[in-house]
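K.L.:
One predicted model, sequence on top.
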Amino acid sequence: MATTHLAPTETELSAGRDQVVNDLSIQVATVNGSGSQSANMVLLRALFQMGIPVSGKNLFPSNIEGLPTWFTIRTSRQGWISRRKEIDFLVAVNAETAEEDVRGLEPGSACVYDEKLNLKRLRNDIVFYPVPFDQLVIPVCPEAKLRKLVRNMVYVGVVARLLEFETAEVERAVRRQFLKKAKAADLNLKAVLAGYDFAAKNLEKKDRFRVERMNANQGKILIDGNSAAALGCMMAGVTVVTWYPITPSSSLCETLIGYMKKYRMDPETGKATFAIVQAEDELAAIGMVMGAGWAGARAMTSTSGPGISLMAEFTGLGYYAEVPGVIFDIQRVGPSTGLPTRTAQGDVLSTALLSHGDTKHPLLFPSSVEECYAMAIDAFDLAEELQTPVFVMSDLDLGMNYWTAEPFSYPDRPLRRGKVLAASDLERLGGFERYRDVDGDGVTYRTLPGNPHPASGYFTRGSGHNEKAIYTERSDTYVNNMDRLARKFETARRMVPGPVIEDSGHEIGLLAYGTTHWAVGESRDQLAREYGVKTDYCRIRAFPFADEVAVFVRRHRRVYIVEQNRDAQLAGLLRLSLDGDEISRLRSVLHYDGLPVDARSVTDSIMTQEVGN
Amino acid sequence: MATTTTLPPKKVNRIGLEPAAYKGNRSTLCAGCGHNAISERIIEAFYEMGVEPHQVAKLSGIGCSSKSPAYFLRSSHGFNAVHGRMPSVATGTLLANRTLIAIGVSGDGDSASIGIGQFVHLMRRNLPLIYIIEDNGCYGLTKGQFSATADRGSILKNGVVNDLPPIDTCALAVQLGATYVARSFSGDKKQLLALLQGAIGHRGTAMLDVISPCVTFNDHEGSTKSYSYVKDHDEPLGDISLVPFFEDISVEYDPGTTTEVTLHDGSRLILKKLDHNYNPASKIDALRVLTEAQERGEVVTGLFYVNTEQPNFLDLLNVVDEPLATLPESRVRPPKGALDEVMESLR
């Protein structure tokens, strides 16, 4: 049997170094479709249950089976949960990428690998742990068909042993992963145990990494952003959901279907208090949202960049005809034949101004799973209060990866359904004019189809209408309407979630939004600790930007806007509302390789630019 | 004058409304446009059936046809949407409020070209919608280009000949799952009125392709969608009449020559057939008749197919009877216990 193959240099290298406890990145390199997601979730859950701050990121190909996939788990005593570039502990079971993965490791890291890949020959400055996966899995799983799926559980056992996981938590995580399948749980546990026992008997611990129990996750939940958003939609009282499958957005509506079937069936009739329709394409999905929003339902769809493009025409009509609707954009890289399973913040500019003519739309930028939940509720309220399409700009990293969070709070305010006139209101008022700005906030009153008052009906069309919704092509009427819509956008500016600002009077400000937040928080710590550069921070949570954002820019000599796209899209949008002096203070830190941005890249970019100042 | 004149009693319908209550704004379409005649029949049909105008939602896409909902049922809500996408807007509207009677007006360009994707998916869902194609074989608003329902060999005013086969929207609708499929002619008042009344009583997709000549761009010699061509080539399947659900009239007929269909609202369609073998419950008969007529260059009109058994989309979705749009918060926001339960499962 193999024992550890440690060259003398390795022993020297690892000896005398300090132990690293709870600060490490584990990367598992497997093949797509091999069931590794279950094994990786067991590792993630076990660490979560041990109270250690942890995050898991899945880097997967646009493929059903056969292409390489990587899962990275980061633990951090300080609670940093953004991606870390450096890998400390590699599990290499994919022959196709193993050599490149090993070459990319930092000296002093460790590698568990499939013995037959013979990786040890590649490096002498890392610790290798060969494991005969094939031999170990045969006695555990006599059924050859299942072996491919169970095989991955062997590395769970090996890693658990080498990094000193609590075995009870590993077992609990396995049971949890196969909650309703006791037989599968037993089989997988056997495989974990086989790996654990093998490591205990045959692998001598030589690396410096281990984990131990903390108390950081008391009462917390583990959830992906799409599920969090789905919960928010349900609690927001959504009634019409239309969608077309697209990665990374599909799981939002799929999870929502599950929740709604459980919690939104009418107890008396057994009928649904909602309608969910898989549309024929995104054109139809948004069309159904517009029809439903017009008729008074809380309606939504969820998509990603290519779907947003297809929704452009209807979004413009929604803006002009003033129809509420909520659109989730789970952003991903570029076109469908780009890197559709990688993350980006690449739709910001195009979505803010989506469609033709003068159009602009409120965007909400959730940074966390808590905000996916809360902003879903905000979005429905805003859409109905403002009578316009509202976009929630999540991304693949937030939507599809698992994050720890405090349990979500029950909504503390009733649904805000906006300015809708019932028949009794019309009776009292003697009628209404659909597009007349009665309150001076640019938001007009509407009625819903089915309202029995004879003055209720009106004909909805694009921009060619007067205040009474009567068709006209008069220039002055058109201009009045356009100016009112601009006024309505100013109302939106006061209503959307404001920025979160930490200003301690430093010279440098950082500005970010969405998932970039996590790397920026850690980067600020790095800048302060390593370079003595103290910074202030403005996290933008919505477009149109609140007035405080311009104040923050004016208050700082240099403002670094960190975002995950090539063309500094949010910076571009921000420039539209700043003066020349303010614009001259803006700098950009851009990350656009398809992977979630990491703190080190942000720190390096800022320090490189600071040298020039 | 000493004599007093008594005014004749005002004409009202079942629910006490005058015909004027069903009228719309003045049409801005060309004088003589077939679409105006269709709007007249729509007004008549809703009046005759005694439908409350506020219970009706009017939907349309883009084009001459899609302007016409402004010209009937003034007090109903209407939505003139996006080119080719009326089906999705209608779907959303009915999802939000299933108690509405929805009528969608489209054109041949709107339905058979830019909107064909939404058209076919609407048909297969059997959404309870009255779907009217005002079919003139050309794009009027952009000055008369051919549409996809133009017949092979049809000639434009400027001499351009169409050499592609037409899309038969009725055949598509029958094949895909619409449950009330008819073709008519804007000039056939009686047939069109009966078909529209039947469509109002039907709770499934009622697809009516109505040949509606474009007097400006497609009413000349060489067009197969002109008044004179359709009049000369119209082959009605038979005589059609409707007995509304609120009228207790028994009709005497020879069972061999006549089929009676009871619609969802209780109204009865009386179909007196010319072809004794024709069965309006048979998709095969419908497709045969449509194909044969096309081969002969004839325009067969009438109700090709009706099926009152097929569940509609809203029934399949099992949504509550009340409009989803106005359900109170207590019915759409689960209680705190539900959220707590989900949170507990995520720990």
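P.N.:
Happy to help now that I have it. The model shown is predicted, which means the values in this text are computed figures rather than measured ones. Residues are numbered from 1 along each chain as shown, chains lettered A, B, ... in the order given.
K.L.:
OK, contacts around residue A:524?
P.N.:
The contact partners of residue A:524, by C-beta atoms under 8 Å, 6 or more residues apart in numbering or on different chains, come to A:510, A:535, A:537. All C-beta spots, glycine's among them, are computed from the backbone N, C-alpha and C.
K.L.:
Tell me the secondary structure of it, please.
P.N.:
Secondary structure state of residue A:524, per DSSP: H, G, I helix; E, B strand; the rest coil, is helix.
K.L.:
how close does it get to residue A:517?
P.N.:
To residue A:517, residue A:524 is 11 Å away according to C-beta to C-beta, to the nearest Å.
K.L.:
Then residue B:251?
P.N.:
74 Å.
K.L.:
And the residue of the stretch 151-300 of chain B closest to chain A?
P.N.:
The minimum distance from the stretch 151-300 of chain B to chain A, using C-beta to the nearest C-beta, falls at residue B:176 (12.0 Å).
K.L.:
what's the spacing between that residue and residue B:304?
P.N.:
Per C-beta to C-beta, residue B:176 is found 13 Å from residue B:304.
K.L.:
Compare residue B:251 and residue A:517 (neighbour count), which wins?
P.N.:
Neighbour totals were compared for residue B:251 and residue A:517, and residue A:517 leads with 24 against 11 (other C-beta atoms under 10 Å in any protein chain shown).
K.L.:
surely the more buried one meets residue A:365?
P.N.:
No. Here residue A:517 does not reach residue A:365: they are 9.1 Å apart, not a contact under C-beta atoms under 8 Å.
K.L.:
can you pull out the strands in the stretch 51-200 of chain A?
P.N.:
Ranges of strands in the stretch 51-200 of chain A, per DSSP state E, counting those that start in this stretch, are A:54-59, A:68-75, A:89-92, A:110-114, A:127-131.
K.L.:
export these to a markdown table and tack on mean neighbour count?
P.N.:
Formatted as a markdown table, the strands of the stretch 51-200 of chain A follow (neighbours: other C-beta atoms under 10 Å in any protein chain shown):
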| stretch | mean neighbour count |
| --- | --- |
| strand A:54-59 | 24 |
| strand A:68-75 | 23 |
| strand A:89-92 | 26 |
| strand A:110-114 | 25 |
| strand A:127-131 | 25 |
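K.L.:
Could you dump those strands into JSON lines with distance to chain B and mean pLDDT added?
P.N.:
JSON lines is the format used below for these (distance: least, C-beta to the nearest C-beta, whole Å; pLDDT from 0 to 100):
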{"stretch": "strand A:54-59", "distance to chain B": "14", "mean pLDDT": "94"}
{"stretch": "strand A:68-75", "distance to chain B": "18", "mean pLDDT": "95"}
{"stretch": "strand A:89-92", "distance to chain B": "26", "mean pLDDT": "97"}
{"stretch": "strand A:110-114", "distance to chain B": "29", "mean pLDDT": "97"}
{"stretch": "strand A:127-131", "distance to chain B": "32", "mean pLDDT": "98"}
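K.L.:
for the ones you listed, which one sits closest to residue A:315?
P.N.:
Ranking the strands of the stretch 51-200 of chain A by proximity to residue A:315 (C-beta to C-beta) places strand A:54-59 first, at 30.5 Å.
K.L.:
Next, the angle from that closest one to strand A:68-75.
P.N.:
Per axes from the mean of the first three to the mean of the last three C-alpha atoms, to 10 degrees, the angle that strand A:54-59 makes with strand A:68-75 is 170 degrees.
K.L.:
Please name every helix or strand in contact with strand A:54-59.
P.N.:
Under the contact criterion of 3 or more C-beta pairs under 8 Å, 6 or more residues apart in numbering or on different chains; DSSP states H and E, strand A:54-59 touches helix A:36-49, strand A:68-75, strand A:402-405.
K.L.:
And for it, what's in contact with it?
P.N.:
A:37, A:40-41, A:44, A:47-48, A:69-76, A:81-83, A:342, A:397, A:400-404, A:595-596.
K.L.:
7 Å instead?
P.N.:
Among residues not part of strand A:54-59, those counted as contacts by C-beta atoms under 7 Å, 6 or more residues apart in numbering or on different chains are A:40, A:44, A:47-48, A:69-75, A:81, A:83, A:397, A:400-404, A:595-596.
K.L.:
what about the helices in the stretch 151-300 of chain B?
P.N.:
For the stretch 151-300 of chain B, applying DSSP state H, counting those that start in this stretch gives helices covering B:169-176, B:189-201, B:227-233, B:283-296.
K.L.:
What residues of the second one count as buried?
P.N.:
The reference is to helix B:189-201. Residues B:191-201 are the ones in helix B:189-201 that count as buried (16 or more other C-beta atoms under 10 Å in any protein chain shown).
K.L.:
Those: which ones sit near chain A?
P.N.:
Taking C-beta under 7 Å from any C-beta of the partner chain as the test, chain A is in contact with none of those.
K.L.:
wait, what's in contact with the most centrally placed residue in chain A?
P.N.:
Against the mean C-alpha coordinate of chain A, by C-alpha atoms, centre = their mean, the closest residue is residue A:398 at 1.5 Å. By C-beta under 7 Å, 6+ apart, residue A:398 lies in contact with A:225, A:366, A:372, A:515.
K.L.:
Where does pLDDT dip in the chain?
P.N.:
No chain was given, so I picked chain A. For chain A, applying pLDDT under 70 flags the ranges A:1-17, A:613.
K.L.:
Can you look at chain B instead?
P.N.:
B:1-5, B:276.
K.L.:
Would you quantify the distance from the residue nearest to the centre of chain A to chain B?
P.N.:
Note on residue A:398: its distance to chain B, by C-beta to the nearest C-beta, to the nearest Å, is 16 Å.
K.L.:
do residue A:382 as well
P.N.:
From residue A:382 to chain B the distance is 17 Å (C-beta to the nearest C-beta).
K.L.:
Then residue A:229?
P.N.:
From residue A:229 to chain B the distance is 13 Å (C-beta to the nearest C-beta).
K.L.:
Figure out the helix or strand that that residue lives in.
P.N.:
helix A:225-235 (DSSP states H and E).
K.L.:
now what about that helix, what contacts it?
P.N.:
Residues outside helix A:225-235 that contact it (C-beta under 7 Å, 6+ apart): A:251-252, A:255-256, A:259-260, A:263-264, A:300, A:328, A:330, A:369, A:372-374, A:376-377, A:392, A:394, A:398-400, A:403, A:408, A:411, B:333-334, B:339, B:342.
K.L.:
now swap in stretch A:603-610 and tell me
P.N.:
A:523, A:526-527, A:531, A:533, A:560, A:587, A:589.
K.L.:
One more: stretch A:418-428?
P.N.:
Residues outside stretch A:418-428 that contact it (C-beta under 7 Å, 6+ apart) are A:296, A:384-385, A:387, A:432, A:443, A:445-448, A:451-453, A:455-456.
K.L.:
at 8 Å what do you get?
P.N.:
Contacts of stretch A:418-428 (C-beta under 8 Å, 6+ apart): A:296, A:324, A:384-387, A:429, A:432, A:439, A:443-448, A:451-453, A:455-456.
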